[in-house]
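S.K.: no FASTA, just this:
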């Protein structure tokens, strides 16, 4: 317990580290047979405090230890601990002592001319931790839980029985580090380690009186553990060695376990959190322990670095010692990049401990807070259009516009700002979550201290430090000086600016007095930063928090980009984006204007006629007329119906004559003849139906046998449809239509709409148009208006030329990837339509593109890339970078 004086007694008999010469296996066999009645295979094993042998009798395994006579009392106490843990319902698995035939758990015997003590323990089943595998989050959590279960099983163990001290107890880390560094000549290394240790100890010492003390293994290492290995991971199940038990801080033992995990992860601070949560769930840490845990981890890492530097100093020519010293310094450097307050908040968040509420008064009590208008700067905001969020000053302009009505406006705290959301090949999150608010207010508005504090900074921002929080204000005029003590209700200053104008304030709160929070954080850090930089809503008297956002819920698209609610951005190369790109203002305007005029569908509407004329002007050679359909399915159905009704009068007459002759034969013929005639009629009818069905070809690059299919269809009188819904309007290069490139002679050319709508276009000649048009229902004037607007964008923004240039860039990049990677079997395509065929064993590699690049896969596992015609060079390069990552190629 905290302050327990007995816990500081450290007088357990010391265990000698000297080892005797190896004992012959014949001697071991005789000891086992004579005293325990055991026989079996015997294997010498490494043992820290004496000699050790693993005994396997075919059914069970045992561990025989031979120790110095002075260790006898320590072994007896250890057996008491084992029994105590075993009796605990939730204790970890531990070995158990095996009594001799005479009933003794510790045996004294003459071995090699010396009196020795022996004991036999059960050996736990399982595997040691794998050395070639990283510690996963699940394993880390289970290690933390295992340590906590040890602590809980021993918390009522008699403290007078065991009072040993571990050699690496963190309570001595400071003095031992000083001693180790005294022999290190490298000044830079010495200073780095010393600074880290001193900083950690300054945080630990004020809290130490509240640390719980009890019997624990202060340094639970891999050699002390056993576990089970499944197809995915290794799971700890027991503790094989209790020799390191001592009375120590519980939190110190957890800190050393966390330090081991962190070191195995290259110093990544977040790697300790699963172990902390696993421990805390079983043995809840108190407030002081939670606050001191990270400084204790840093202290242990600093001590390990000092030990490595000391070893290197004593053996300067030993390259392995030098490498170990460099590695330990790097781990310490990586871990030290995160402030202690931030890691404390991470630990509290991981353990789901709610932050203490803040007691704040109003910052501007005379302000009519209800008149403050909140501006929406999220991905869903109606204020964003046409990519205006890419303007660096857009947020400020929108705030000023929102504040115009009442002279007061504010941004929202915790909002995922669209203006700061950008795609990144490295998959790093954008810093787009606001940890502050910007407020437009009348100049001269008085600001009143919301709590008692001291002014620690005046320029460029006022910093008022209170007992539990610091207020940071920018954009105010003040007569205060640094060091001024302020009481709640005292005036801090006024909103800066010319009289009668509107000024701007920026407000932040920080629970970390030493490190001010950033203006923005990453989405994955939100929960932690909300603790460190809480909402200023209480200061304003209004709820200025943005509503919760959901990751993965798409809410906006623009050009070749898709945005979700938290601002995560992916490239849309799926082929489903409108050809002119997502979110074009011209399409929205056309739809809006048409909705104001007419939405009902009528034959011969002005919008449909204008669209037909525009399409006729860009029709491929050989096609003179345009028929519009509501969607692609309706167009195909109408053409198929037309094909079925194109039998000539002569064909109908021939069929009627054949049927009449068949009827006469039926009167006089036998049943066998009847069957033959019926079969012939059915065969001819099936053949005619097959020939009546149109041949539909989608002219993707690399299409084989298309010419042969067309020739065969012509010979059989079938109509031919070239469906360019996914290849038309210059997607495949300089020509608007791929039929021009491939010189395909078709009866119909089917195309979609450049705006991504459902409307479908059929090009054909005049004769076929006259037969097809009656089968088409009137199209929506809204669909026609937006399709016409999209064609205007296609022409005015010269997207055909952009598609050609970007297609060449994409082709060059993809072919280079294919040359470099042995995971790509083939690359085919043209313009802005490409397919990548992986080798057979890698058909699932494209799954790694999810969340970065929208794409299509065909039935054979080919990756299909088809960006919109407006795609930029930056996005092409970003796509290639994503593919390099998936194919495990070095970045270019």
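M.R.: Thanks, I have it. Fair warning: this is a prediction, and the values are worked out from it, not measured in the lab.

S.K.: low-confidence regions, the stretch 351-500 of the chain specifically.
M.R.: 425-427 (pLDDT under 70).

S.K.: can you give me the strands in it?
M.R.: 373-374, 409-410, 433-434, 437-442, 446-448, 453-457, 462-465, 470-474, 476-477, 485-486, 491-495 (DSSP state E, counting those that start in this stretch).

S.K.: want to throw those into TSV with mean neighbour count?
M.R.: The way it works is simple: take the backbone N, C-alpha and C, and place the C-beta from them, glycine included. Formatted as TSV, these follow (neighbours: other C-beta atoms under 10 Å):
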stretch	mean neighbour count
strand 373-374	18
strand 409-410	24
strand 433-434	25
strand 437-442	23
strand 446-448	20
strand 453-457	17
strand 462-465	21
strand 470-474	21
strand 476-477	19
strand 485-486	15
strand 491-495	19
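
S.K.: need those strands in CSV with distance to residue 809, can you?
M.R.: Output for those, formatted as CSV (distance: least, C-beta to C-beta, whole Å):
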stretch, distance to residue 809
strand 373-374, 43
strand 409-410, 43
strand 433-434, 34
strand 437-442, 40
strand 446-448, 54
strand 453-457, 50
strand 462-465, 50
strand 470-474, 44
strand 476-477, 51
strand 485-486, 60
strand 491-495, 51
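
S.K.: figure out which of the ones you listed is closest to residue 31.
M.R.: With distances scored as C-beta to C-beta, the stretch of the strands of the stretch 351-500 of the chain nearest to residue 31 is strand 433-434 (67.6 Å).

S.K.: what's that closest one packed up against?
M.R.: Using 3 or more C-beta pairs under 8 Å, 6 or more residues apart in numbering; DSSP states H and E as the contact criterion, the elements in contact with strand 433-434 are strand 520-521.

S.K.: from the contact counts, what lies against the strand it packs on?
M.R.: strand 433-434.

S.K.: off-centre distance for the strand it packs on?
M.R.: Distance, stretch centre to chain centre, for strand 433-434: 18 Å (C-alpha atoms, centre = their mean, to the nearest Å).

S.K.: who's in contact with it?
M.R.: Outside strand 433-434, the residues within contact range by C-beta atoms under 8 Å, 6 or more residues apart in numbering are 411-417, 519-523, 525-526, 529, 546, 566.

S.K.: so how far is residue 624 from residue 770?
M.R.: According to C-beta to C-beta, to the nearest Å, residue 770 stands 11 Å off from residue 624.

S.K.: I'd say residue 631 and residue 762 touch.
M.R.: No: counting by C-beta atoms under 8 Å, residue 631 does not reach residue 762; the two are 11.8 Å apart.

S.K.: between these two, which one's more packed in?
M.R.: Taking neighbours as other C-beta atoms under 10 Å, residue 631 and residue 762 compare with residue 762 leading, 27 against 16.

S.K.: show me what the lengthiest helix in the chain is packed up against.
M.R.: Ranked by residue count, the top helix of the chain under DSSP state H comes out as helix 287-314. Helix 287-314 is packed against helix 173-181, helix 187-204, helix 250-264, helix 319-335, helix 340-350, with contacts defined by 3+ C-beta pairs under 8 Å, 6+ apart.

S.K.: out of the strands of the stretch 351-500 of the chain, which is closest to residue 290?
M.R.: Of all those, strand 470-474 comes closest under C-beta to C-beta, at 21.2 Å.

S.K.: quick one, that closest one and strand 491-495 angle?
M.R.: Orientation check (axes from the mean of the first three to the mean of the last three C-alpha atoms, to 10 degrees): strand 470-474 against strand 491-495 gives 30 degrees.

S.K.: from here on, call the first residue 56.
M.R.: Happy to do that; since the first residue is 56 now, the last one works out to strand 525-529.

S.K.: who does strand 525-529 pair up with?
M.R.: strand 517-520 (antiparallel), strand 557-565 (antiparallel) (DSSP bridges).

S.K.: run the chain-centre distance for that strand.
M.R.: Offset of strand 525-529 from its chain centre (C-alpha atoms, centre = their mean): 33 Å.

S.K.: per-residue confidence for the closest residue to residue 655 other than its chain neighbours?
M.R.: If the residues on either side of it in the chain are set aside, residue 655 comes closest to residue 836, at 7.6 Å by C-beta to C-beta, 6 or more residues apart in numbering. Turning to residue 836, the model gives it a pLDDT of 96.

S.K.: next: residue 269.
M.R.: Looking at residue 269, its pLDDT reads 89.

S.K.: SS state for it?
M.R.: strand (DSSP: H, G, I helix; E, B strand; the rest coil).

S.K.: for it, grab the count of nearby residues.
M.R.: Neighbour count for residue 269, taken as other C-beta under 10 Å: 20.

S.K.: beta-bridge partners for it, please?
M.R.: residue 303.

S.K.: ok, residue 529 touching residue 513?
M.R.: No: between residue 529 and residue 513 there is no contact under C-beta under 8 Å: 11.3 Å.

S.K.: sorry, back to before: just the buried ones among the contacts of strand 488-489, please.
M.R.: Using 16 or more other C-beta atoms under 10 Å as the burial test, those include 466-472, 575-576, 578, 580-581, 584, 601, 621 as buried.

S.K.: from these, which is closest to residue 440?
M.R.: Checking these against residue 440 by C-beta to C-beta gives residue 472 as the nearest, at 16.0 Å.

S.K.: figure out how far stretch 612-632 is from the centre of its chain.
M.R.: Taking C-alpha atoms, centre = their mean, one finds the center of stretch 612-632 at 17 Å from the center of the full chain.

S.K.: buried ones in that stretch?
M.R.: Buried-residue list, stretch 612-632, by 16+ other C-beta under 10 Å: 612-630, 632.

S.K.: helix, strand, or coil at residue 634?
M.R.: From three-state DSSP, the assignment for residue 634 is coil.

S.K.: okay, now it: neighbour count?
M.R.: Neighbours of residue 634 under the rule other C-beta under 10 Å: 27.

S.K.: repeat that for residue 446.
M.R.: The number of residues near residue 446, taken as other C-beta under 10 Å, comes to 12.

S.K.: so how far is residue 440 from it?
M.R.: Separation of residue 446 from residue 440 (C-beta to C-beta) stands at 12 Å.

S.K.: with residue 122 instead?
M.R.: Taking C-beta to C-beta as the measure, residue 122 falls 80 Å from residue 440.

S.K.: and for residue 517?
M.R.: Residue 517 sits 37 Å away from residue 440, going by C-beta to C-beta.

S.K.: residue 620 now?
M.R.: Residue 620 is 18 Å from residue 440, by C-beta to C-beta.

S.K.: residue 563 now?
M.R.: Taking C-beta to C-beta as the measure, residue 563 falls 30 Å from residue 440.

S.K.: tell me the domain ranges of this protein?
M.R.: 80-177, 217-405, 424-604, 641-850, 854-941 (automatic domain parsing).

S.K.: so how far is the third one off the chain centroid?
M.R.: If I follow you right, that is domain 424-604. The chain centroid and the centroid of domain 424-604 are separated by 28 Å, computed with C-alpha atoms, centre = their mean.

S.K.: between its first and last residues, how far does that domain reach?
M.R.: In domain 424-604, first residue to last residue: 25 Å (C-alpha to C-alpha, to the nearest Å).

S.K.: equivalent analysis for the longest one, please.
M.R.: With C-alpha to C-alpha as the measure, the first residue of domain 641-850 is 13 Å from its last.

S.K.: is residue 818 in a helix, a strand, or coil?
M.R.: Classification of residue 818 by three-state DSSP places it in strand.

S.K.: nope, residue 668 is what I meant
M.R.: Going by three-state DSSP: residue 668 is helix.
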